[in-house]
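Enquirer: sequence first, predicted model second:
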Amino acid sequence: MKLVYFAWVRERVGRTDEDLDLPDGIATVADLVRWLKGRGEEYAYAFENEAIVRAAIDHVHVKPDAPVLGAREIAFFPPMTGG
Amino acid sequence: MKLVYFAWVRERVGRTDEDLDLPDGIATVADLVRWLKGRGEEYAYAFENEAIVRAAIDHVHVKPDAPVLGAREIAFFPPMTGG
Amino acid sequence: MTSTIRIQAEGFEIAAEAAALTTGRADIGAVIAFTGLCRDEGGRLSALELEHYPGMAEAELARIAAQAEERWPLMGLTIIHRFGKIAPGEEIVLVLTASAHRRAAFEAAEFLMDYLKTHAPFWKREHLKDGTVGAWVEAKSGDDLAAERWA
Amino acid sequence: MTSTIRIQAEGFEIAAEAAALTTGRADIGAVIAFTGLCRDEGGRLSALELEHYPGMAEAELARIAAQAEERWPLMGLTIIHRFGKIAPGEEIVLVLTASAHRRAAFEAAEFLMDYLKTHAPFWKREHLKDGTVGAWVEAKSGDDLAAERWA
């Protein structure tokens, strides 16, 4: 599965994207975040305030309880500040 | 005193403007309208629905009870349809 | 504040008017340009003819503009209203508002248009495709209600 | 309905974009052009840098535009959002709405801007006059509240 990161989430994680094989038991975006936080300090820092980081699956905004099954690309980013 | 007319009020009165000496006893715009209506059919027609005709004294919108004393120019016109 | 009010027979250039408000400054975050156009009403009209009250029209637009400036933190404001015969598809009116943030610019532009429709001494009459002169356009009660929102 | 959505590094011409919506038709009565500009924040900023999520940004603007079209009787709609480094005084975003009457055009333009601010995947960071890279701009709770008005 492809993960992509933007703005300060990207800076904290230290990469723009990565391909990861998820272990069993990761059903939702929230599960994925919990697992990522255990992978290293950079992830723990990026997701230290889980409530603020937003997610999108295949270019569509989703909530933490969204299922990740079948996702091709999951993105994490701060609240948007366009316009 | 100068009176000016616009749009269908002008068409009904049959003139764009006129200079009139008002008789005694005309204190307000409403008094003026009542007096004008007695001056001929064209005025009676223009002001047949008094509630709809608007007035301005010296370029400022006024209500029927506005005093005419000191006015240089009084205008009568239909509701505005600009913009 | 840059404030421009013009009543004219000629058309106008939105881009030039917007540039006049914003060029050379970096404190403006939002510009609204409202353009009112002449519709042909389903092909019925050949033109709208706009009559106005010279002198009062300028004074009334200036009063409406001053109210908007008092009410919102504007950094620029432009009102251009045309008179005379205007063909379908042509511009009738331009209202520009500039502010640091979008809400003030949006609200001021809506206020200006609502007041202009109900307070500025302009009257429209229809010219029909068959060559005849049609009716005077009637004022809409919806426009009065819109203006009352700001009272 | 004429609907144009572009995400680009280059600037844009409001007049050309407005003409693309209105030229050759006579049923449009109102056009709103909202332009969002880069402010220097009291002389502090040398630029804003806009990062975006390619692919999702286009998809999200298309979704927001479709919602506006469903909600208001629009005859044309344009959204252009820039990315990259933008200097104070330059344009960041353009939203155009066209309708027969002004209320629909005003409401749709406000809706589009409120949703764009809170839903379109763009992020701004400051570049300071002293040559350093400043902070990421924080989302405003006021923008969330503005977007919730339409829910």
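Expert: Thanks, I have it.
Enquirer: now the top helix by length along chain A: how far from the chain's centre is it?
Expert: Ranked by residue count under DSSP state H, the longest helix found in chain A is helix A:29-37. Centroid displacement of helix A:29-37 relative to its chain, using C-alpha atoms, centre = their mean, to the nearest Å, is 7 Å.
Enquirer: and the helices in chain A?
Expert: A:7-13, A:29-37, A:41-46.
Enquirer: with mean neighbour count added, can I get those helices in TSV?
Expert: (Each C-beta comes from the backbone N, C-alpha and C, glycine too.) Formatted as TSV, the helices of chain A follow (neighbours: other C-beta atoms under 10 Å in any protein chain shown):
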stretch	mean neighbour count
helix A:7-13	20
helix A:29-37	18
helix A:41-46	16
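Enquirer: out of those helices, the one nearest B:Thr28 is which?
Expert: Among the helices of chain A, the nearest to B:Thr28 by C-beta to C-beta is helix A:7-13 (67.1 Å).
Enquirer: elements contacting the closest one?
Expert: helix A:41-46, strand A:73-77 (3 or more C-beta pairs under 8 Å, 6 or more residues apart in numbering or on different chains; DSSP states H and E).
Enquirer: any weak-confidence spans in the chain?
Expert: You didn't pick a chain, so chain A it is. Of all residues in chain A, none has pLDDT under 70.
Enquirer: burial check on the residue in it positioned nearest to chain D, number of neighbours?
Expert: The minimum distance from chain A to chain D, using C-beta to the nearest C-beta, falls at A:Gly82 (2.8 Å). Using other C-beta atoms under 10 Å in any protein chain shown, the number of residues around A:Gly82 comes to 26.
Enquirer: pretty sure it is in contact with D:His81, am I right?
Expert: Yes. Judged on C-beta atoms under 8 Å, A:Gly82 makes contact with D:His81 at a distance of 6.4 Å.
Enquirer: nearest to C:Leu145, of the helices of chain A?
Expert: Using C-beta to C-beta, these put helix A:7-13 closest to C:Leu145, at 44.3 Å.
Enquirer: what's that closest one in contact with?
Expert: Under the contact criterion C-beta atoms under 8 Å, 6 or more residues apart in numbering or on different chains, helix A:7-13 has outside partners A:5, A:16, A:42-43, A:45-46, A:53, A:76-78, D:51, D:123, D:125, D:136.
Enquirer: make a ChimeraX selection of the buried ones in those residues.
Expert: Selection of buried members from the contacts of helix A:7-13 for ChimeraX, criterion 16 or more other C-beta atoms under 10 Å in any protein chain shown:
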select /A:5,43,46,53,76,77,78 /D:51,123,125,136
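Enquirer: which of the contacts of helix A:7-13 sit farthest apart?
Expert: A:Tyr43 and D:Arg125 (21.4 Å).
Enquirer: would you list the contacts of helix A:7-13 in TSV and tack on distance to chain B?
Expert: Putting those into TSV (distance: C-beta to the nearest C-beta, whole Å) gives the following:
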residue	distance to chain B
A:Tyr5	49
A:Thr16	50
A:Glu42	58
A:Tyr43	57
A:Tyr45	55
A:Ala46	52
A:Val53	47
A:Phe76	48
A:Phe77	43
A:Pro78	42
D:Glu51	41
D:Trp123	39
D:Arg125	42
D:Trp136	42
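Enquirer: from the contacts of helix A:7-13, which is closest to C:Gly36?
Expert: Nearest to C:Gly36 among the contacts of helix A:7-13, with distances taken as C-beta to C-beta, is D:Trp123, at 36.5 Å.
Enquirer: checking the closest one next. Helix, strand or coil?
Expert: strand (DSSP: H, G, I helix; E, B strand; the rest coil).
Enquirer: identify the bridge partners of it.
Expert: Beta-bridge pairing for D:Trp123 (DSSP bridges): D:Glu51.
Enquirer: so who does it touch?
Expert: By C-beta under 8 Å, 6+ apart, the neighbours of D:Trp123 are A:Phe6, A:Ala7, A:Phe77, A:Pro78, A:Met80, A:Thr81, A:Gly82, D:Leu50, D:Glu51, D:His52, D:Trp136, D:Val137.
Enquirer: the closest residue to chain B within chain C and C:Glu148, how far apart?
Expert: Nearest to chain B, among the residues of chain C, is C:Phe122, at 2.8 Å (C-beta to the nearest C-beta). Per C-beta to C-beta, to the nearest Å, C:Phe122 is found 20 Å from C:Glu148.
Enquirer: A:Arg39 now?
Expert: Distance, A:Arg39 to C:Glu148, by C-beta to C-beta: 61 Å.
Enquirer: for C:Phe83, same thing?
Expert: 26 Å.
Enquirer: which of these two has more neighbours?
Expert: C:Phe83 (19 against 10).
Enquirer: so what's C:Thr2 bridging to?
Expert: C:Gly76.
Enquirer: surely it is in contact with C:Glu69?
Expert: No. The criterion here is C-beta under 8 Å, and C:Thr2 misses it with C:Glu69 at 10.7 Å.
Enquirer: what touches both of those two?
Expert: Counting by C-beta under 8 Å, 6+ apart, the shared contacts of C:Thr2 and C:Glu69 are C:Leu77.
Enquirer: got the contact list for C:Gly29?
Expert: So C:Gly29 contacts C:Ser99, C:Ala100, C:His101, C:Arg102, D:Gly36, D:Leu37, D:Arg39 (C-beta under 8 Å, 6+ apart).
Enquirer: same question for C:Thr78.
Expert: C:Thr78 neighbours (C-beta under 8 Å, 6+ apart): C:Thr2, C:Ser3, C:Thr4, C:Ile5, C:Glu17, C:Ala20, C:Leu21, C:Leu94, C:Val95, C:Leu96.
Enquirer: adding neighbour count, secondary structure and distance to C:Ala65, write these out as JSON lines.
Expert: Output for these, formatted as JSON lines (neighbours: other C-beta atoms under 10 Å in any protein chain shown; DSSP: H, G, I helix; E, B strand; the rest coil; distance: C-beta to C-beta, whole Å):
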{"residue": "C:Thr2", "neighbour count": "14", "secondary structure": "strand", "distance to C:Ala65": "11"}
{"residue": "C:Ser3", "neighbour count": "15", "secondary structure": "strand", "distance to C:Ala65": "6"}
{"residue": "C:Thr4", "neighbour count": "15", "secondary structure": "strand", "distance to C:Ala65": "9"}
{"residue": "C:Ile5", "neighbour count": "17", "secondary structure": "strand", "distance to C:Ala65": "6"}
{"residue": "C:Glu17", "neighbour count": "17", "secondary structure": "helix", "distance to C:Ala65": "14"}
{"residue": "C:Ala20", "neighbour count": "14", "secondary structure": "helix", "distance to C:Ala65": "15"}
{"residue": "C:Leu21", "neighbour count": "22", "secondary structure": "helix", "distance to C:Ala65": "13"}
{"residue": "C:Leu94", "neighbour count": "23", "secondary structure": "strand", "distance to C:Ala65": "13"}
{"residue": "C:Val95", "neighbour count": "27", "secondary structure": "strand", "distance to C:Ala65": "10"}
{"residue": "C:Leu96", "neighbour count": "27", "secondary structure": "strand", "distance to C:Ala65": "11"}
